[in-house]
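K.L.:
here is my input; please provide its structure:
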Amino acid sequence: MSIHDEFFEEIKKSKYPIDPRRNIKWGTSMMLTEHVAMLRDYHEEVKRAPKPELTEYDYVTLSEAIELAYITKGDTKIKRWKDGQFIYSRGIIEEIDLKHRKIQLQDPFYSLSLKLDEIVDVTIMD
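P.N.:
Below is the predicted model of the structure:
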């Protein structure tokens, strides 16, 4: 009886149900860098949220909320969709540029220029 066979016999006698061939087979496996990159891309794609389809009513509601937030200079939370993710920004709307389809959002720490096409939801916090 070889050392390898003795090892398998000892494993069979132990109280833990272990299949040594399975552990030996998968314990020493390797992954190619191409496979790791493909798995990383797949996981990023799965995490992406689809762009919400807005109706005409939604666009009218968004424009009214943006206009009201601009007039009242109230604290506003803006939800936008960019590259498969939802991004939340909060601040005061300082300027609306319809020619370039952007708005300026002023936060206590920085100023943001947001595209109107990315905006999905507007909430006035005051």
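K.L.:
what segments of this protein are strands?
P.N.:
With DSSP state E as the criterion, the chain has strands at 75-82, 85-97, 102-106, 111-115, 119-124.
K.L.:
which of these sits closest to T55?
P.N.:
Of all these, strand 119-124 sits nearest to T55, with 12.3 Å by C-beta to C-beta. In this view, the C-beta of every residue, glycine as well, is placed from N, C-alpha and C.
K.L.:
pull out the buried positions in that closest one.
P.N.:
Within strand 119-124, the residues that qualify as buried are I119, V120, D121, V122, counting by 16 or more other C-beta atoms under 10 Å.
K.L.:
who touches the residue lying closest to E118 once chain neighbours are set aside in this structure?
P.N.:
The shortest distance from E118 to any non-neighbouring residue, by C-beta to C-beta, 6 or more residues apart in numbering, is to R80 (4.1 Å). Neighbour list for R80: F86, I87, Y88, S89, L114, K115, E118, I119, V120 [criterion: C-beta atoms under 8 Å, 6 or more residues apart in numbering].
K.L.:
just the buried members of those?
P.N.:
L114, E118, I119, V120.
K.L.:
who's in contact with the last one?
P.N.:
Translated: V120. Listed by C-beta under 8 Å, 6+ apart, the contact set of V120 reads P52, L54, K79, R80, W81, F86.
K.L.:
against A37, how distant is the fourth one?
P.N.:
Read it as R80. Remark: distance between R80 and A37 (C-beta to C-beta, to the nearest Å) = 29 Å.
K.L.:
let's have the contacts of V120 in JSON lines, adding distance to L105.
P.N.:
Listed next are the contacts of V120 as JSON lines, based on distance: C-beta to C-beta, whole Å:
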{"residue": "P52", "distance to L105": "20"}
{"residue": "L54", "distance to L105": "20"}
{"residue": "K79", "distance to L105": "12"}
{"residue": "R80", "distance to L105": "10"}
{"residue": "W81", "distance to L105": "16"}
{"residue": "F86", "distance to L105": "16"}
